[in-house]
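Trainee: here is my input; please provide its structure:
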Amino acid sequence: MSTALPAYRNLLRAARLAFQGDNTMLTAARSSIREGFRANASLAPSSPEYPEAVKHAEEVATILRQNVVQGKKSGDRYKLRIHEETERGDNDTVKLAGSGTSLGGGKCCSA
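Mentor: Numbers count the residues shown, from 1 in each chain. Purely as a prediction, here's the structure:
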């Protein structure tokens, strides 16, 4: 069985979750997904680009599910629509920002 169809459906579901209640963005996301899959429709499952294209679709779906949060202005504030699949990490990387260290092990901004 082809892995493209499940990846396509997963991506559409992720877009629906990420852009729920925002018909303009949901329509644009669906259109973009459709165009991307049509552009790769000629790929044979045996071609080396095929698994890369499916993996890309799965990664985009993961990002949409876990990292895209929409906000709606309510007075002077924004109300965020955080759902059950939104990634809620700790702030360790934010805490490291001012310490002068980098995650790569090298010196930050060295001359």
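Trainee: which stretches of the chain have low pLDDT?
Mentor: Flagging of the chain using pLDDT under 70 yields the residue ranges 1, 93-95, 97-111.
Trainee: again, only using 90
Mentor: 1-3, 21, 71-72, 80-111 (pLDDT under 90).
Trainee: helices of that one, start to end?
Mentor: Along the chain, the segments classed as helices by DSSP state H run 4-18, 23-39, 49-67, 92-96.
Trainee: out of the ones you listed, which is the most enclosed?
Mentor: helix 4-18 (a mean of 18; mean count of other C-beta atoms under 10 Å). Bear in mind the C-beta positions are built from the backbone N, C-alpha and C, glycine included.
Trainee: separation between the residue nearest the centre of the chain and residue 29?
Mentor: Nearest residue to the geometric centre of the chain (C-alpha atoms, centre = their mean): residue 63, 2.3 Å. Taking C-beta to C-beta, to the nearest Å as the criterion, residue 63 is separated from residue 29 by 12 Å.
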